[in-house]
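# A structural model of the following input is requested.
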Amino acid sequence: MSFQNPVFIPGPTNMPEAIRKACDMPTIDHRSPLFGQILHPARAGVREILKSKDAEIFIFPSTGTGGWETALTNTLSPGDTVLACRNGMFSHKWIDMCERFGLQVELVQTAWGEGIPAERYAEILAADKTHKIKAVLATHNETATGVKSDIAAIRKAMNAANHPALLFVDGVSSIASMDFRFDEWGVDVAVTGSQKGFMLPAGLAIVGFSAKALDANRTAKLPRTFFDINDMTKGYEANAYPYTPAVGLMNGLALATKTLLDEGLDNVFARHHRIASGVRAAVDAWGLKLCAATPDLYSDTVSAIFVPEGFNASDIVAHAAEKYGVAFGTGLGDVAGKVFRIGHLGSMTDVMALSGIATAEMCMVDLGLDIKLGSGVAAAQDYYRGNTAQALKDAA
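Down below sits the predicted model:
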């Protein structure tokens, strides 16, 4: 691999130099008021990116997986029932965590490539007259398949059933890259991580709690120590943590949130949509298909691309790394070997995306796929030429 080339995996993402340098800082006393000057702006910035006025933000030295655990253990008790959809590797892993904690899972099996069926959730919630379901789990953007689900529709289903369950949303590969509306969608716990839309190294689990989720914490009985939000709250009140924080990453997060907000969230989301649309134009030109079944499900942060039957998609990823020093994502779980993934989120531009498209194209031609060299690049160029100028004008 080459450190000179951008990566095209859906996380960790490319780091802007200013944000990388913000993480590289001298040691400070993490129990001093100086740390508070890093901690509180970072939390405030995350809250604004979630589009929330009063979500309580918790930032743990961990990853998105730790965020999942934070959501479950701080709100639920052994034996509680959760409603969840398995439609990709990461929804599968969150379900597995629920089962390991002794939670009962009302499971909706869904084809990989499809989104969460809000109508099926509506039926299950309406039938749950005793309200045994305590939480509804939703993966906003399934990173393994490049599928976006409609969180607003899930909240609508919950409201239509007048169901009191909490709504937990995995926004690990969507938050800070795709539109996310914590307050408007009635999200109770939102989970993300530092290494994707926030353009940082892995190492921070970033979690937002609603007032309703904080209230549920008072009676939650699942075991927790490291991920206890009560301990974290006490630490924050003293400009500190209940243990040693990742100070450099926190400093980077403070700058990352400022960078995103300075760009403007609408511009951030439009940039991701534009870049993703160029990638999708290239996929069409190659004569290939996305894993996402329909356009309304297309993710603006990652594209999972089917290869012809009988070909191993992992060979493209290996060849790109070995010959060209470029990283793409492999297929995971049920689509392992069937798809390769192009991540186009975080610190990404049209020009960077073109280099990834060109490399993927070279790899497929090298490996004997019936792809015309230059076809995908030309399609993406046509799209970017027709859309970038207007986007820059709108942002001015």
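# Which residue comes closest to Y241 once chain neighbours are left out?
G235 (4.5 Å; C-beta to C-beta, 6 or more residues apart in numbering). Where you see a C-beta, it was placed from the backbone N, CA and C, and this is true even at glycine.
# any idea of the mean pLDDT in the strand or helix carrying that neighbour?
For G235, the element it lies in under DSSP states H and E is helix 229-237. Regarding helix 229-237, the rounded mean pLDDT is 97.
# Just name whatever secondary elements it is in contact with.
Under the contact criterion of 3 or more C-beta pairs under 8 Å, 6 or more residues apart in numbering; DSSP states H and E, helix 229-237 touches strand 56-61, helix 211-217.
# rerun that using 10 Å as the cut-off
For helix 229-237, the packing partners by 3 or more C-beta pairs under 10 Å, 6 or more residues apart in numbering; DSSP states H and E come out as helix 33-49, strand 56-61, helix 64-73, strand 204-209, helix 211-217.
# Reformat these into CSV and put mean pLDDT, mean neighbour count and distance to D284 next to each item.
As requested, the helices and strands packed on helix 229-237 are exported to CSV (pLDDT from 0 to 100; neighbours: other C-beta atoms under 10 Å; distance: least, C-beta to C-beta, whole Å):
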stretch, mean pLDDT, mean neighbour count, distance to D284
helix 33-49, 97, 19, 32
strand 56-61, 98, 21, 40
helix 64-73, 98, 24, 31
strand 204-209, 98, 28, 35
helix 211-217, 98, 17, 42
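# got the residue ranges for the strands in this structure?
56-61, 81-86, 104-109, 133-139, 141-142, 147-148, 166-170, 189-193, 204-209, 302-306, 329-330, 339-343 (DSSP state E).
# Just name the most buried of the ones you listed.
Highest mean neighbour count of the strands of the chain: strand 141-142, a mean of 32 (counted as mean count of other C-beta atoms under 10 Å).
# ok so, going back, the residue nearest to Y241 reaches P242, doesn't it?
Yes: the criterion here is C-beta atoms under 10 Å, and G235 meets it with P242 at 4.7 Å.
# quick one on the thing from earlier: quick one: the helices and strands packed on helix 229-237 as a markdown table, columns for distance to V105 too.
A markdown table is the format used below for those (distance: least, C-beta to C-beta, whole Å):
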| stretch | distance to V105 |
| --- | --- |
| helix 33-49 | 29 |
| strand 56-61 | 24 |
| helix 64-73 | 11 |
| strand 204-209 | 21 |
| helix 211-217 | 18 |
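# Surely R43 touches I57?
Yes: because the distance of 4.2 Å satisfies C-beta under 10 Å, R43 is recorded as touching I57.
# anything in contact with each of these two?
Here R43 and I57 have I206, G208, Y236 as joint contacts, going by C-beta atoms under 10 Å, 6 or more residues apart in numbering.
# With respect to D382, which of these is nearest?
Nearest to D382, judged by C-beta to C-beta, of the shared contacts of R43 and I57 is I206 at 37.2 Å.
# Run through the residues that contact the nearest residue to that closest one once chain neighbours are set aside.
With C-beta to C-beta, 6+ apart as the criterion, I206 has its nearest non-adjacent residue at 4.8 Å, and that residue is T192. For T192, the contacting residues are 46, 49-50, 64, 67, 140, 169-177, 180, 198, 204-208, by C-beta under 10 Å, 6+ apart.
# Quickly note the distance from T192 to G346.
Separation of T192 from G346 (C-beta to C-beta, to the nearest Å): 12 Å.
# which residues do those two both contact?
Going by C-beta under 10 Å, 6+ apart, residues that sit against T192 and also against G346 are S173, A176, S177, F198.
# Format these as TSV; extra columns: pLDDT.
Listed next are the shared contacts of T192 and G346 as TSV, based on pLDDT from 0 to 100:
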residue	pLDDT
S173	98
A176	98
S177	98
F198	98
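# Just the buried residues of these.
Restricting these to buried positions leaves S173, A176, S177, F198, with burial counted as 16 or more other C-beta atoms under 10 Å.
# can you pull the pLDDT of the closest residue to the last one other than its chain neighbours?
The reference is to F198. Once flanking residues are discounted, F198 sits nearest to A256: 4.6 Å by C-beta to C-beta, 6+ apart. You'll see A256 listed with a pLDDT of 98.
# same question, P26
On pLDDT, P26 comes in at 95.
# residues near G333, how many?
Counted with other C-beta atoms under 10 Å, the neighbours of G333 add up to 14.
# Could you do G337 as well?
Using other C-beta under 10 Å, G337 has 13 neighbouring residues.
# my guess is it meets G331, correct?
Yes: G337 is within contact range of G331, at 5.8 Å (criterion: C-beta under 10 Å).
# Now for the two: what residues contact both?
V307, N312, A313, S314.
# what's the closest non-adjacent residue to the second one?
On the basis of C-beta to C-beta, 6+ apart, the spatially nearest residue to N312 that is not a chain neighbour turns out to be G337, at 5.0 Å.
# give me every residue that touches that neighbour.
Counting by C-beta under 10 Å, 6+ apart, G337 touches V307, F311, N312, A313, S314, D315, T330, G331.
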